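*Asks:* One predicted model, sequence on top.
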Amino acid sequence: MTKSIENFPCHIGKEIGTGAFASVRLCYDENAKIYAVKFINKKFATKCMGSSVWARRIASEVQLHRLCNGHKNIIHFYDTAENLHWRWVTLEFAQGGDLFDKIEPDVGVDEDVAQFYFAQLMEGISFMHSKGVAHRDLKPENILLDYNGNLKLSDFGFASLYAYKGKSRLLNSPVGSPPYAAPEITGQYDGAKVDIWSCGIILFALLSGNTPWDEAISNTGDYLIYRKQGERPSSYPWNRLSPGAYSVITGMLRTDPSKRFPTKRILQHPWLTSNISFRTDNGNCSDPVALASRLMLKLHIDLDKPRSSLTDSASYGTISMTQPTTKVSDSDIHDHTAIYGHLSQPVQVNEEVDASELMEKDPSLSQFCNTNGFIERLAGKATNFYEICPPERLTRFYSKASKQYIIDRLYDALRLLAVSLTTKHTIGQSMLYVKLHDKRKCLLQGEIALKTLGHNLELVNFIKSSGDPLEWRTFFKNVVSSLGKPIVLTDITS
Ligand SMILES: Nc1ncnc2c1ncn2[C@@H]1O[C@H](COP(=O)(O)OP(=O)(O)OP(=O)(O)O)[C@@H](O)[C@H]1O
């Protein structure tokens, strides 16, 4: 079942992501070619940003994204158009979903997987910089994967042209997400150098499942310790890094931008020029199924362990975003359905599904699974990355408890986390809209959707609408650990 809107040439399918001002939908043309289309509700964007600001922002996003077309590690921009109510941007569909949705918080990925993804990240960035474009908002939310597990940079919303026809200029708007933003961002800065800094933080996050500090903007906390140690830290978790990774990361995280490694030096670093697993000669993924399996095998939630203190990892605080924040009221945020509902498909109620067949094929179950070899069994049948690492978030679980019982327990868990919450019930589906600040004091929001699948089976889906995917997963883990085994199915046979 698809919907159409005036002048939009494709069929509109399900929502695959949301941004502060967008609903990203799966769309397909008459030749069945699939695209990801970012729909912006013009009235809503104008209300939040003012008409001239948002018009300038979208014009710049589109122009700079188009300029960066033609690299395998950058989402391809196809087209943009509008009608009276909507502006849309048609993009290549990243079928492997968000990279950081597949990374275990505080654990990270194996070193060879980090090398593979970091090389692709640097190649994408190096291409952008060769066009004179700085991304300025490099963070996990903007790193997607294609159907073969290759990295794709997305979201040119804060990109800026810093070099043109051999002339370069300094930039001066303080954009970016605090844990990933370079220290010089509050003054005048070189756009390429702030991207290098953010890539250094991303590499650290790939290897350790966490960022090194809340923000490098002020000399506080972990960043102060880093500075005091002469930017050569030897304490945990730095001492867990291999010498090669340590050398690359600390070279990229030099506070003085003039001492920071340039892109060329990073790409020629022995840590990246030695043989990289999973990589073909042209830099693509050589074995998507093996790569997907390696990522999935690192994801694990142990429901037998006593849960950790919930309030440590998520608490309300004053939000300190450097990204120019736009005042959006709670009702605006929560009423995504009212804003983007015109694009929506009717919810399917009580589809009679074969529960065990569905769960046998769902990789998300493996994170709780007591059955050995779940991922190996899927890998045996898979030919593509996305059959093991699906585009949908892995932050979901199945339950055989009644919907009302799950909602009551969710309320208990969310109260302990001091999470602000509103609910909405439609036919066949209940939504709990949540909003909290993560441990880095960045805003995290989304919805917990409960859908009855039939055969007394509920699918409970944690769908992030904004915030860091690692922090969203931490939030998900805290909630499911609190719910525990009576509610969360851990096995296809249970
Ligand atoms: N090309 C794509 N293929 C698949 N999923 C995508 C694609 N583009 C975006 N998404 C999904 O939609 C989400 C939001 O997209 P995006 O970050 O571009 O929106 P935005 O409105 O610019 O967000 P922001 O709130 O950061 O301004 C992404 O995190 C991702 O999950």
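*Replies:* All right, it came through fine.
*Asks:* the strands in the stretch 51-200 of the chain, which residues?
*Replies:* Secondary structure of the stretch 51-200 of the chain (DSSP state E, counting those that start in this stretch): strands at 77-82, 86-91, 97-98, 133-134, 143-145, 151-153, 160-161, 163-164, 167-168.
*Asks:* between the first one and strand 86-91, how many degrees?
*Replies:* Between the axes of strand 77-82 and strand 86-91, defined by axes from the mean of the first three to the mean of the last three C-alpha atoms, to 10 degrees, the angle is 170 degrees.
*Asks:* For the closest residue to the ligand within the stretch 101-250 of the chain, report the pLDDT, please.
*Replies:* Taking C-beta to the nearest ligand atom as the measure, the stretch 101-250 of the chain has Asp155 as its residue closest to the ligand, at 3.9 Å. Just so you know, the C-beta spots here come from the backbone N, C-alpha and C atoms, and that holds for glycine as well. Asp155 carries a pLDDT score of 94 in this model.
*Asks:* rewinding a little: reformat the strands of the stretch 51-200 of the chain as JSON lines; add distance to Glu447 and mean neighbour count.
*Replies:* Output for the strands of the stretch 51-200 of the chain, formatted as JSON lines (distance: least, C-beta to C-beta, whole Å; neighbours: other C-beta atoms under 10 Å):
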{"stretch": "strand 77-82", "distance to Glu447": "27", "mean neighbour count": "16"}
{"stretch": "strand 86-91", "distance to Glu447": "22", "mean neighbour count": "22"}
{"stretch": "strand 97-98", "distance to Glu447": "17", "mean neighbour count": "22"}
{"stretch": "strand 133-134", "distance to Glu447": "33", "mean neighbour count": "26"}
{"stretch": "strand 143-145", "distance to Glu447": "21", "mean neighbour count": "26"}
{"stretch": "strand 151-153", "distance to Glu447": "25", "mean neighbour count": "24"}
{"stretch": "strand 160-161", "distance to Glu447": "32", "mean neighbour count": "18"}
{"stretch": "strand 163-164", "distance to Glu447": "41", "mean neighbour count": "14"}
{"stretch": "strand 167-168", "distance to Glu447": "43", "mean neighbour count": "10"}
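*Asks:* picking that back up, surely the residue of the stretch 101-250 of the chain closest to the ligand meets Asp137?
*Replies:* Yes: with contact defined as C-beta atoms under 8 Å, Asp155 reaches Asp137; the gap is 6.4 Å.
*Asks:* which is the next helix or strand following whichever strand or helix holds Lys14?
*Replies:* Assigning secondary structure by DSSP states H and E places Lys14 in strand 11-19. Once the chain leaves strand 11-19, the next helix or strand it forms, by DSSP H and E, is strand 22-28.
*Asks:* How about the contacts made by Lys264?
*Replies:* Ser126 (C-beta atoms under 8 Å, 6 or more residues apart in numbering).
*Asks:* switch the cut-off to 7 Å
*Replies:* By C-beta atoms under 7 Å, 6 or more residues apart in numbering, Lys264 lies in contact with nothing.
*Asks:* where does this protein come near the ligand, residue by residue?
*Replies:* 16-22, 24, 36, 38, 75, 91-94, 98, 141, 144, 154-155, 157, 466 (C-beta under 6 Å from any ligand atom).
*Asks:* nearest residue to whatever residue of the stretch 251-400 of the chain ends up closest to the ligand other than its sequence neighbours?
*Replies:* Here the stretch 251-400 of the chain gets closest to the ligand at one residue, Pro391, 6.5 Å apart by C-beta to the nearest ligand atom. Counting by C-beta to C-beta, 6 or more residues apart in numbering, Pro391 lies nearest to Gly97, which is 4.0 Å off, once chain neighbours are set aside.
*Asks:* and the strands of the stretch 51-200 of the chain as JSON lines, adding distance to Ile406?
*Replies:* JSON lines is the format used below for those (distance: least, C-beta to C-beta, whole Å):
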{"stretch": "strand 77-82", "distance to Ile406": "41"}
{"stretch": "strand 86-91", "distance to Ile406": "35"}
{"stretch": "strand 97-98", "distance to Ile406": "25"}
{"stretch": "strand 133-134", "distance to Ile406": "45"}
{"stretch": "strand 143-145", "distance to Ile406": "31"}
{"stretch": "strand 151-153", "distance to Ile406": "35"}
{"stretch": "strand 160-161", "distance to Ile406": "45"}
{"stretch": "strand 163-164", "distance to Ile406": "53"}
{"stretch": "strand 167-168", "distance to Ile406": "55"}
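*Asks:* after the longest strand along the chain comes which helix or strand?
*Replies:* Counting residues, the longest strand found in the chain (DSSP state E) is strand 443-454. Using DSSP H and E, the helix or strand that follows strand 443-454 in sequence is strand 457-466.
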